[in-house]
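>>> Fold the stuff below for me.
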Amino acid sequence: MSTWRQTGMRVAGSAAAVLVLGCSSPGNVFSVAPGDCFDDPDGAVDEISDVPLVDCEEPHDNEVYAVVELEDGDHPGDEAVLNRAQDTCLDAFEPYVSEPYATSELFATWLVPTEGSWSEGDREVVCVLFDADGPLEGSMQDSGR
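Reported below is the predicted structural model:
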């Protein structure tokens, strides 16, 4: 039995394993950085470009804990992108939260480039954490949660 928990993100009351990035616009997912907090987007979505950023001291749904660039080249396929995002984001979890993912009360998910945004040069994976039991308050960096 695996000690890893299934990842997922609450989006409009439903679980989605991964959200994919779409087009760029001001205040969008291409400009988030570790330590940024945001609420779930309104409505059910498969692709997002904007997220409602909020002050981490206020209740919020999600916190960015890592942003990484995938290797350049041809789009490797959705499964390969998702596998690389999972490996990268789970590796980045403990250094940010100060708790191993396997024993944390928090969950992780990731925002990944679509094949379309990849063709425009997007290689960014945004690693996001959340609490399935409700909103976060304050930053989760070094929280040990």
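
>>> residue contacts, residue 98?
Residue 98 is in contact with 142, 143, 144, counting by C-beta atoms under 8 Å, 6 or more residues apart in numbering. The C-beta positions use only the backbone N, C-alpha and C, and glycine is treated the same way.

>>> quick one, strands of the chain?
Using DSSP state E, the strands assigned to the chain run over residues 9-11, 14-16, 19-21, 37-38, 47-48, 53-54, 62-69, 107-113, 124-130.

>>> Weed out the non-buried ones from the contacts of residue 98.
residue 143 (16 or more other C-beta atoms under 10 Å).

>>> Can I get the strands of the chain in a markdown table including mean neighbour count and distance to residue 78?
Below are those laid out as a markdown table (neighbours: other C-beta atoms under 10 Å; distance: least, C-beta to C-beta, whole Å):
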| stretch | mean neighbour count | distance to residue 78 |
| --- | --- | --- |
| strand 9-11 | 19 | 17 |
| strand 14-16 | 12 | 14 |
| strand 19-21 | 22 | 9 |
| strand 37-38 | 23 | 24 |
| strand 47-48 | 15 | 13 |
| strand 53-54 | 16 | 27 |
| strand 62-69 | 20 | 17 |
| strand 107-113 | 24 | 8 |
| strand 124-130 | 24 | 13 |
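
>>> Kindly report which one of those strands carries the lowest mean pLDDT.
Mean pLDDT values for the strands of the chain show the minimum at strand 14-16, a mean of 31.

>>> Out of the helices and strands in the chain, which is least certain?
The helix or strand of the chain with the poorest confidence is strand 14-16; it has a mean of 31 (mean pLDDT, DSSP states H and E).

>>> Can you report how many residues lie near residue 131?
A count of nearby residues for residue 131, using other C-beta atoms under 10 Å, gives 18.
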